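Engineer: Next comes the sequence, and after it the predicted model I'd like to discuss.
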Amino acid sequence: KAGVTQTPRYLIKTRGQQVTLSCSPISGHRSVSWYQQTPGQGLQFLFEYFSETQRNKGNFPGRFSGRQFSNSRSEMNVSTLELGDSALYLCASSRTTGRDEQYFGPGTRLTVT
Amino acid sequence: GNSVTQMEGPVTLSEEAFLTINCTYTATGYPSLFWYVQYPGEGLQLLLKATKADDKGSNKGFEATYRKETTSFHLEKGSVQVSDSAVYFCALVGPYNQGGKLIFGQGTELSVKP
């Protein structure tokens, strides 16, 4: 069974631009969660989607948004990029929105210049 | 709110040494507990989990026991290998509709020397 895939793997953007990251979950998994990983703040939860609905949201500004499609694939968008948004963005999938284990993709490395 | 605290790294061990990485948590109710490992340049891999008090999770020689009385979930391995060098994260998912929201510790870097 294929794992979680994320595209693109690397991205360089300029301050003020916007970016869209994509995540394809493991087949049969209906929940997708997004995390931001930085050296200073560690791993922080962004949001979770299940059956196309946002179920949980972390403490991030409204510039961070996401969505999930009917095939469970998910995208996250960051608008008006800031230097501090440079991070590794990780997507994880699980079968349900309960306390199932989450399986992570390789991440998208975003650099904002 | 819920939180996880791990021992600070880096931890440097010789091959075949015994490993302990301490993890304590604060949570209301009974969270599920996890250990994840991250190798350089990669995402996180689930190492083991425990969902209720006194459960022992184990995988690839690693094990951790869910201790409700001490709110701990320490990771142990009897004999580490060079290939175990990585960053280890302790994490929890709280009860009460917190599914999907993993809360992580700060990570502990392990370096194993031959």
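Structural biologist: Arrived safely, thanks for sending.

Engineer: Following the chain onward from the one helix or strand A:S93 maps to, which element is next?
Structural biologist: Secondary structure from DSSP states H and E places A:S93 in strand A:87-94. Next in sequence after strand A:87-94, counting helices and strands by DSSP H and E, comes strand A:103-104.

Engineer: Note down every partner strand of that following strand and its orientation.
Structural biologist: strand A:87-94 (antiparallel) (DSSP bridges).

Engineer: residues in contact with the helix or strand bottoming out on mean pLDDT in chain A?
Structural biologist: Of all helical and strand segments in chain A, the minimum by mean pLDDT, DSSP states H and E falls on strand A:53-57, at a mean of 91. Outside of strand A:53-57, the residues within contact range by C-beta atoms under 8 Å, 6 or more residues apart in numbering or on different chains are A:31, A:33, A:45-49, A:66, A:68, A:97, B:97-101. For every residue, glycine as well, the C-beta is placed using N, CA and C.

Engineer: quick revisit: what average pLDDT does the strand holding A:S93 get?
Structural biologist: Per-residue pLDDT values over strand A:87-94 give a mean of 96.

Engineer: B:V80 is in contact with B:S111, isn't it?
Structural biologist: No - B:V80 is beyond contact range of B:S111, at 9.9 Å (criterion: C-beta atoms under 8 Å).

Engineer: what touches both of those two?
Structural biologist: The contact lists of B:V80 and B:S111 share B:L13, where a contact means C-beta under 8 Å, 6+ apart.

Engineer: Closest residue of chain B to chain A?
Structural biologist: B:G100 (3.5 Å; C-beta to the nearest C-beta).

Engineer: Show me which residues of chain A sit near chain B.
Structural biologist: A:4, A:31, A:33, A:35, A:42-45, A:48, A:50, A:55-56, A:58, A:90, A:92, A:94, A:96-107 (C-beta under 8 Å from any C-beta of the partner chain).
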